[in-house]
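Peer 1: Attaching a predicted model along with its sequence, questions to come.
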Amino acid sequence: MPSPLIPTRLFGIIGHPLGHSLSPLLHNWGFGHFGLPGVYMAWPVEVGRVADFMTAVRLLGIEGVSVTIPHKAAVMEYVDGMTDRARAVGAVNTLFWQGGRLWGENTDVAGFVAPLREMGDVPGTALVLGGGGAARAAVAGLAELGVPEIVVSNRTEAKARELARDFGVGVVDWERRGERAGGLVVNATPLGMLGKNEGQSPLPPGALGPGSVAYDLVYNPHETAFLRDAATAGARMIPGLSMFFGQAVEQFRIWTGCELPRVEGMALLRKALYGEGV
Ligand code: NAP
């Protein structure tokens, strides 16, 4: 007897380039883990082809999409609605259907907040380094957590000022950022990342202290210069893979209602990225 056909639900990620994305590995593992009939694909979409892709989402019945660089702002004009978080950040990283309408959400905010909630005891002051999309998600998350004093600092000050104005937070001169590193410090720049920025820290040496919490959004390599400095200073550390996992957990929950298990999911990512547990 042939087995009855089970309709497969179609999901995927768009971005350009997409070679390094861990999302297909994690979401396809999730479908298998829960025995769900879903498949998650990688769709490299060039700048200028987003409108065509969004037409395909509607025509092909694509049920959910992760959106990454450089399309997080471009997809916004093609959705039927946006969540408050996506609107506040000014970027969409997740597409989903609700009531026959295509919605845009930003799960980077939930992903950013998750490890801070887990840690508890979040410092009352926060310095966010960077002025791009990740910095905006971090400031939105810190505002949601109710951190009383949030300041941003960016190499290009105009961008820091714009971010600060949008969220009603303070600005610190890039040259003086080291003086404000006594609480939570978020690295939302690519400094430290594998490649040309590897080995660089976003803070001057000696800026972190034992009361600091160093939250590095960079997750490759595993041990960045910023986190090494934090360990030396006796500061607490949050590695960037936690945020990556958290934003994917939120996407999977929106699409399926299921919660990706943390221990196995993080182990899968660590093995793929760092070869741990091989
Ligand atoms: P983005 O929009 O391109 O912004 C990058 C920011 O970093 C800009 O404000 C830029 O300053 C600053 N910057 C770049 N090179 C710098 C340098 N050499 N010195 C000082 N500042 C520099 O990028 P993004 O999307 O916000 O991402 C930022 C980082 O977060 C990336 O490393 C990304 O991989 C990471 N990230 C991680 C997650 C996660 O899940 N863990 C999620 C999103 C992003 P200017 O304004 O002066 O150019």
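Peer 2: Alright, I've got the coordinates.
Peer 1: Tell me how many other residues crowd residue 121.
Peer 2: 7 (other CB atoms under 10 Å). To be clear about C-beta, it is placed using only N, CA and C from the backbone, and glycine gets the same treatment.
Peer 1: which SS state does it fall under?
Peer 2: coil (DSSP: H, G, I helix; E, B strand; the rest coil).
Peer 1: Next one: it from the ligand, what distance?
Peer 2: Distance, residue 121 to the ligand, by CB to the nearest ligand atom, to the nearest Å: 22 Å.
Peer 1: Find me the pLDDT at that residue, would you?
Peer 2: For residue 121, the pLDDT comes out at 91.
Peer 1: if I look at it, how far off is residue 191?
Peer 2: According to CB to CB, to the nearest Å, residue 121 and residue 191 sit 27 Å apart.
Peer 1: just residue 10 next, same as before
Peer 2: To residue 191, residue 10 is 37 Å away according to CB to CB.
Peer 1: Neighbour count: these two, which is higher?
Peer 2: Neighbour tally, residue 10 and residue 191, criterion other CB under 10 Å: the higher count belongs to residue 191, 21 against 16.
Peer 1: So what's the predicted local confidence for that one?
Peer 2: Model confidence at residue 191, given as pLDDT, is 98.
Peer 1: Return the residues in contact with it.
Peer 2: Taking CB atoms under 8 Å, 6 or more residues apart in numbering, we find residue 191 in contact with 197, 200, 201, 202, 218, 225, 226.
Peer 1: near the ligand, which residues of the protein show up?
Peer 2: Residues of the chain lying close to the ligand (CB under 6 Å from any ligand atom) are 108, 111, 130-135, 154-156, 159, 188-191, 193, 217-219, 240, 243-244, 247.
Peer 1: That'll do, ta.
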